[in-house]
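S.K.: structure for this input, please:
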Amino acid sequence: MKHIIKTILVAGAVLLASCTSQQSLQEYYVDNSENPNFLSIDVPASILKMDGVDLNPTQKEAVESLRKFNLLAFKKNADNEAEYEIEKKKVREILKGDQFVELMKINSKYGKGVIKYLGDEDAIDEVIIYGDSKEKGFALVRVLGKDMNPAHIMQLMQAIQKSGYKGEGLGEIGDFLKG
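M.R.: Numbering: from 1, shown residues only. Alright, predicted model coming up:
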């Protein structure tokens, strides 16, 4: 009986030790969606209004693979600079996880960023776009879809440009992302 109890305790300890204590990106979104320093919005891919746009077959496939966008932005101001640094560090730590594959780094006059994805390289289920600015804060965008192809991301950007979409329907977060 003692042997069985010891075995169960050891197995339980191994299971607990194998569980990751690092917060997932989804948990981070949920935990901060009600935080007053954050702007949060979930929007369907249909907000892009691509129905009437003349797309080539690759662009059409890229658009059809989209489901929705989760946007979370930390709006920095003089009162929350310390929290900004803490939250920025948390996001960067989450994005360092092995499950995220880096697609590209972004470095512009507006700030720095990275595009990563989850899934197989020919069937992506989630693209993560992160960017931060010392003046404005940071934005984290989860692009959720089904079997998205990384080679089609540029085609998707071109399709969005063709549509003339300017951030309508995003409210305050759209203004934040525009600069």
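S.K.: tell me the contacts of the residue nearest to the spatial centre of the chain?
M.R.: Residue closest to the mean C-alpha point of the chain, counted by C-alpha atoms, centre = their mean, is residue 142 at 2.9 Å. Contact analysis of residue 142 by C-beta atoms under 8 Å, 6 or more residues apart in numbering lists 25, 29, 69, 70, 71, 126, 127, 128. Just so you know, the C-beta spots here come from the backbone N, C-alpha and C atoms, and that holds for glycine as well.
S.K.: hmm, the fifth one is touching residue 47, no?
M.R.: Yep, that's residue 71 we're talking about. No: taking contacts as C-beta atoms under 8 Å, residue 71 lies outside contact range of residue 47: 10.9 Å.
S.K.: out of these two, which sits in the more crowded spot?
M.R.: Under the neighbour definition other C-beta atoms under 10 Å, residue 71 and residue 47 were set side by side, and residue 71 has more, 22 against 15.
S.K.: ok, which stretches of this protein are strands?
M.R.: Using DSSP state E, the strands of the chain run over residues 38-44, 66-75, 101-108, 111-120, 123-133, 137-148.
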